[in-house]
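**Student:** sequence first, then the predicted structure, then my questions.
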Amino acid sequence: MTQHPKPLAHQPQHEVVKYQEQKLQELLTYLSQNSPFYKDLFAAHQIDINQVKTLDDLRLIPTTTKEDLQKRNDDFLCVDKGRIIEYSSTSGTLGSPVTIALTENDLERLAYNEYNSFTCADGSAADLYQLMLTLDRQFMAGMAYYSGIRKIGAGIIRLGPGVPSLQWETILRLKPTAIVAVPSFILKLIQFAQEHHIDINASSVKKAVCIGENIRNTDFSLNILGQKITEAWDIKLYSTYASTEMQTAFTECGEGRGGHHQPELLIVEVLDEHNNPVAPGESGEVTITTLGVEGMPLLRYKTGDICHYFDESCACGRTSIRLSSIVGRKKQMIKFKGTTLYPPALFDLLNGMEEIKDFVAEVYPNEIGMDEVLLHLLPINYTDECDRKIRANLQARLRVSPHITYLKADEMQKLQFPEAVRKPVKFIDRRK
Ligand SMILES: [Zn+2]
């Protein structure tokens, strides 16, 4: 199970389908023998796995939801506990956290996945990556990046998240060629450099792999966050999208036209609310079937992430589909006074306003069960003039007025970093 063929992303489509259909049958057999959850599911829906032969036949099988994984977490485990090496967990930003257990082979698969990802993002053995992220707290991505970069043979500096002064001191001392970071933190690095007269464009860093937040609009143009970074700092940005449950990343190549699918690791469907496939360029929920996972494989798992996909071949030579930046998480959709809004669009608006240095958006239900939005803002100053500009801009762009509360810098810090979070909190959802 550890032996992977050469990356399928470059292969013609019929080769990919042939490979995936064979792997799908292996998976169905494996699940029917080893997964308490899927044994029950197949029995309850009278599914004969021998009838599921092609990728289209997948539609015969019901989808799996995050709630299934939350409620019956242990029933997804397909191996004896003695074979588990790593217990990763989801961050729990959307309900209770889920544990994903990985075997030695799963860790090898994870490393291969990031080997492909970082190679796709123009990484090579000549690179030195500064990892500005958590490597513990059961965070799968941290160790995945680490093991994938090792496989490439590139260098690694495990600096951890935050602390711009230490990040810069290390950049100037060890001269990394690339950083892996949350894009809003890259803005903080730029601010720090400007305040401390560090010439960022003379630094060794030439590229950034951006995690956790969008840097592009769904048409691949840079969003405001992406623009702000590249206007100040002449580096190349690569977006990557992954989740703990998928154990797989979609990473951009140098063309910057969406995250590439790795066909040997996942079957991807992009589905509408009725679980029908959407056309390229339309919004749908990313739904995945893991290939080659031993510990907790997933079959038609609905990730909750809304994306567009594109199926034309990429100029880099890869033929696999590409995913746009996340339009939003299905559960986080805000129905706000007659308009529909996803947090990333709101974040993009707030990132673009000069009067706002930092923010947290909060959503809560009002007495009649409708969504209300409260913005916690760190403004550039506390004058009436600044307040007036912020309110006028929000009204113009959103067409409705959210509630606003202004915070001091230390209050913002406390709100964004409650205990035990792995990345700054930008969105608080009090609907449940
Ligand atoms: Zn490409």
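**Tutor:** Alright, I've got the coordinates.
**Student:** what's near enough to touch E354?
**Tutor:** E354 sits next to I380 when contact means Cβ atoms under 8 Å, 6 or more residues apart in numbering. Placement of C-beta: from N, CA and C, glycine included.
**Student:** burial count for the residue of the stretch 101-250 of the chain found nearest the ion?
**Tutor:** Proximity of the stretch 101-250 of the chain to the ion (Cβ to the ion) peaks at C120, 7.2 Å away. Counted with other Cβ atoms under 10 Å, residues neighbouring C120 total 25.
**Student:** now do L394
**Tutor:** 22.
**Student:** let the chain start at 560 from now.
**Tutor:** Sure thing, new numbering starts at 560, so read that last one as L953.
**Student:** mind checking how far it is from the ion?
**Tutor:** From L953 across to the ion, the span is 37 Å (Cβ to the ion, to the nearest Å).
**Student:** off-centre distance for the helix or strand that residue falls within?
**Tutor:** Assessed by DSSP states H and E, L953 sits inside helix 943-957. Per Cα atoms, centre = their mean, to the nearest Å, the displacement of helix 943-957 from the mean C-alpha position of its chain is 31 Å.
**Student:** could you give the number of residues near L937?
**Tutor:** Going by other Cβ under 10 Å, the residues that sit close to L937 add up to 18.
**Student:** list the helices and strands the host helix or strand of it packs on?
**Tutor:** Per DSSP H and E: L937 is located in strand 930-938. Secondary-structure packing of strand 930-938 (3 or more Cβ pairs under 8 Å, 6 or more residues apart in numbering; DSSP states H and E): strand 893-895, helix 902-910, strand 915-924, helix 943-957, strand 962-965, helix 968-975.
**Student:** and the gap between I783 and I915?
**Tutor:** 11 Å (Cβ to Cβ, to the nearest Å).
**Student:** what about L908, how many neighbours?
**Tutor:** L908 has 17 nearby residues by other Cβ under 10 Å.
**Student:** distance of the spatially closest residue to it that is not a sequence neighbour from the ion?
**Tutor:** Nearest non-adjacent residue to L908, counting by Cβ to Cβ, 6 or more residues apart in numbering: R956, 5.4 Å away. From R956 across to the ion, the span is 33 Å (Cβ to the ion).
**Student:** R956: neighbouring residues, count only.
**Tutor:** Residues within reach of R956, counting by other Cβ under 10 Å, total 15.
**Student:** for it, give its distance to H604.
**Tutor:** Distance, R956 to H604, using Cβ to Cβ: 46 Å.
**Student:** and for I659, the neighbour number?
**Tutor:** For I659, the tally of surrounding residues (other Cβ under 10 Å) stands at 26.
**Student:** could you point out which element follows the helix or strand hosting it?
**Tutor:** Assigned by DSSP H and E, I659 belongs to strand 658-662. Per DSSP H and E, the first helix or strand lying C-terminal to strand 658-662 is helix 663-679.
**Student:** show me what the helix or strand just after that next one is packed up against.
**Tutor:** Next helix or strand after helix 663-679 toward the C-terminus (DSSP H and E): strand 687-690. Under the contact criterion of 3+ Cβ pairs under 8 Å, 6+ apart, strand 687-690 touches helix 699-711, strand 714-717, helix 723-733, strand 737-740.
**Student:** deepest in the core, which of the ones you listed is it.
**Tutor:** Of all the helices and strands packed on strand 687-690, strand 737-740 has the most neighbours on average by mean count of other Cβ atoms under 10 Å, namely a mean of 25.
**Student:** partners of it, with directions?
**Tutor:** strand 687-690 (parallel), strand 766-769 (parallel) (DSSP bridges).
**Student:** okay if I get those as a markdown table plus distance to the ion, mean pLDDT and mean neighbour count?
**Tutor:** As requested, the strands paired with strand 737-740 are exported to a markdown table (distance: least, Cβ to the ion, whole Å; pLDDT from 0 to 100; neighbours: other Cβ atoms under 10 Å):
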| stretch | distance to the ion | mean pLDDT | mean neighbour count |
| --- | --- | --- | --- |
| strand 687-690 | 20 | 98 | 22 |
| strand 766-769 | 15 | 98 | 25 |
